[in-house]
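Engineer: Sequence and computational prediction follow.
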Amino acid sequence: GQQVMQIPQYQHVQEGEDFTTYCNSSTTLSNIQWYKQRPGGHPVFLIQLVKSGEVKKQKRLTFQFGEAKKNSSLHITATQTTDVGTYFCAGKEGAQKLVFGQGTRLTINP
Amino acid sequence: NAGVTQTPKFQVLKTGQSMTLQCAQDMNHEYMSWYRQDPGMGLRLIHYSVGAGITDQGEVPNGYNVSRSTTEDFPLRLLSAAPSQTSVYFCASSYGGRGYTFGSGTRLTVV
């Protein structure tokens, strides 16, 4: 079945440094979604990418979808303490099931 | 709008007991799903539904049942609780293939 792998599992940075998490699927995806989960909270939807090679930005966050629609990345520029949390990618095969990666837990030293 | 409401927030069960986790949404979303979250395992799909009367299995369906008699409600039943079902359970909904809205979760401990 569909598998979504995400690396790294953990990342610790100094405030102001950049951060990147990568997501790879074993199959071609119809779209990919990104979520953020704060400690003790629930996942919150950030963005959805649909087109091959698509790049979207939300302030300091940049999301990319690979040309083959099998990989994606999230890059945060100049991290702030409010960026702390776990970032999940989730891939859709077709129109239905959304399968999540294991997540990247980001911690920040102020 | 309340969004996605899950009850209870916390639950302790004894091995072998059964219970139902409730999930309700007031956004008229056709798609609803249940995930469990375990440390280092991310979110794993248990069951999902694409509309009232239609359900299907996800990655880890064993030991769980679901039904979808209305658009609003999607309860998850644990048939005979086992310690391996200790987890945080999230219900989520969406429409039109858009991003999911998650409930605040149910923290279940099976002793």
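Structural biologist: Done, it's in.
Engineer: what residues are up against B:Leu45?
Structural biologist: A:Lys97, A:Leu98, A:Val99, A:Phe100, B:Ser33, B:Trp34, B:Tyr35, B:Gly58, B:Glu59, B:Val60 (CB atoms under 8 Å, 6 or more residues apart in numbering or on different chains). In this view, the C-beta of every residue, glycine as well, is placed from N, C-alpha and C.
Engineer: So what's the residue count around the first one?
Structural biologist: Read that as A:Lys97. Neighbouring residues of A:Lys97 were enumerated by other CB atoms under 10 Å in any protein chain shown; the total is 19.
Engineer: Contact partners for B:Arg68?
Structural biologist: Counting by CB under 8 Å, 6+ apart, B:Arg68 touches B:Met32, B:Ser49, B:Gly51, B:Ala52, B:Gly53, B:Ile54, B:Thr55, B:Phe74.
Engineer: Correction: the previous question concerned B:Met41.
Structural biologist: Neighbours of B:Met41 in contact, by CB under 8 Å, 6+ apart: A:Gln102.
Engineer: and what of A:His75?
Structural biologist: A:Asp18, A:Phe19, A:Thr20, A:Leu61, A:Thr62, A:Phe63, A:Gln64.
Engineer: Secondary structure class of A:Ala78, three-state.
Structural biologist: State at A:Ala78, reduced to three classes by DSSP: H, G, I helix; E, B strand; the rest coil: coil.
Engineer: sec struct for the closest residue to it other than its chain neighbours, please.
Structural biologist: Excluding the flanking residues, the one nearest A:Ala78 by CB to CB, 6 or more residues apart in numbering or on different chains is A:Gly16, at 5.4 Å. Of the three states, A:Gly16 takes coil according to three-state DSSP.
Engineer: what does chain A put close to chain B?
Structural biologist: Proximity of chain A to chain B (CB under 8 Å from any CB of the partner chain) is limited to residues A:1, A:6, A:9, A:31, A:33, A:35, A:41-48, A:88, A:90, A:92, A:95-103.
Engineer: tell me which strands and helices the least confident helix or strand in chain A by mean pLDDT is in contact with?
Structural biologist: Using mean pLDDT, DSSP states H and E, strand A:98-100 stands out as the lowest-scoring helix or strand of chain A, at a mean of 90. When contacts are defined as 3 or more CB pairs under 8 Å, 6 or more residues apart in numbering or on different chains; DSSP states H and E, strand A:98-100 packs onto strand A:85-92, strand B:42-51.
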